[in-house]
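fold the stuff below for me.
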Amino acid sequence: MLKNISATRLLILVLQGALVGLGAVLPGVSGGVLCVIFGVYKTIMEFLANPYKTMRTHLPVLVPFGIGGAIGFLGVANVLSVLLEKYPSQSVCVFIGLITGMLPTLFREGGEKGRNKTSFIAVGLAMFFVFVLLFGLKIFAVSIQPNFIWYLFCGFCLALSVIAPGMSFSTLLMPLGLYEPFVSGIGHFEFTVLVPGGIGAVATIILFAKTIDGLFKNHYNISFHIIIGIVIAATIMIIPVSGFQTVKNSLMNILCFVVGVMIALVLDRFNEKVANQK
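Below you'll find the model as predicted:
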């Protein structure tokens with residue numbers, strides 16, 4: 001099934017999947033946003049909406065991408081937690097650079113079927129909604145005791161962060177005190193976390209995947225520009241403002257941002273090269 005994909009392409013897909021897995025763990029970053037940026041979001045949604053119909057065409061891309069995602073989410077989660085503890089603002093700045101470097105591609109893809117006033121209204125409304133939601137979560141932050149029901153909710157948030165770009169499950173769970181126990185439980189393969197989390201994630205995909213895929217097929221312009229607005233707002237919200245209090249930290253953060261942009265440009269050039277060869 002994967003024989004028609006070059007070894008280099010497979011490696012890039014695994015790398016992109018790993019970055020998505022990392023982004024899913026990284027506080028404030030949406031795995032769905034990175035899926036959109038890497039150009040695999042529509043492939044994922046089409047497969048989730050019609051798995052049997054799209055299996056032969058979509059799995060060659062999704063299998064290596066999924067392997068990379070598992071590596072990034074499970075295998076690198078502990079390393080990332082150390083980096084976030086020691087270099088929190090620098091780690092986030094790399095991802096901000098990655099997202100920023102891919103924004104031109106996102107705008108280009110969003111305008112494939114034209115762009116009008118409604119497109120920009122959609123961007124503005126989406127940004128406003130995300131700002132209100134994330135500011136509200138920060139203002140009304142509460143802590144709760146995790147249990148089976150709440151881990152179901154965690155699974156819902158995790159799946160939502162993939163099928164609804166910009167909705168970072170970490171951003172939703174951290175104000176509730178659920179982020180650390182959920183990620184830790186997954187990393188240590190605790191079934192009391194994996195079972196309810198998995199049920200919540202699968203149920204969310206079954207309930208919402210076809211609806212979101214239908215929106216893209218029937219209202220591509222508005223749907224994609226809503227995503228653009230969500231991406232911009234979610235990226236602004238994760239800027240580590242406190243990490244720019246000294247000149248040294250500011251320079252380090254800027255350097256990490258530039259590194260992220262450079263990585264994004266390299267990946268974008270490769271994706272464009274592969275697309276032109278098809």
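
show me what secondary structure element comes after the worst-scoring helix or strand of the chain on mean pLDDT.
Every helix and strand in the chain was compared by mean pLDDT, DSSP states H and E; the lowest is helix 77-86, with a mean of 65. Counting by DSSP states H and E, the element after helix 77-86 in chain order, helix or strand, is helix 88-110.

mind listing what's buried in whichever strand or helix holds Thr8?
Remark: Thr8 resides in helix 7-25, with elements defined by DSSP H and E. By 16 or more other Cβ atoms under 10 Å, the buried positions in helix 7-25 come out as 9-10, 12-25. Quick note: C-beta positions are derived from backbone N, CA and C, even for glycine.

and if you look at stretch 198-214?
198, 200-201, 204-205, 208-209, 212-213.

now do it: everything it contacts.
45-46, 48-50, 151-156, 158-160, 163-164 (Cβ atoms under 8 Å, 6 or more residues apart in numbering).

tell me the one of those nearest Leu173?
Distances from Leu173 to the contacts of stretch 198-214, taken as Cβ to Cβ, are shortest for Cys154 (6.1 Å).

surely that closest one meets Met174?
No. In this structure Cys154 lies outside contact range of Met174 using Cβ atoms under 8 Å: 11.4 Å.

which one of these two is surrounded by more residues?
Cys154 (27 against 17; other Cβ atoms under 10 Å).

who are the neighbours in contact with that one?
So Cys154 contacts 146, 169, 173, 178, 182, 193, 196-197, 200 (Cβ under 8 Å, 6+ apart).

excluding chain neighbours, give the residue nearest to it in space.
Phe182 (4.5 Å; Cβ to Cβ, 6 or more residues apart in numbering).

right, and the helix or strand after the host helix or strand of Gly214?
Element membership of Gly214 [criterion: DSSP H and E] is helix 191-218. The first helix or strand that comes after helix 191-218 along the chain, using DSSP H and E, is helix 220-237.

the nearest residue to Met252 once chain neighbours are set aside: neighbour count?
Computed as Cβ to Cβ, 6+ apart, the closest residue to Met252 that is not its neighbour in sequence is Gln90, at 5.7 Å. Using other Cβ under 10 Å, Gln90 is surrounded by 19 other residues.

how near is Ala24 to Ser170?
8 Å (Cβ to Cβ, to the nearest Å).
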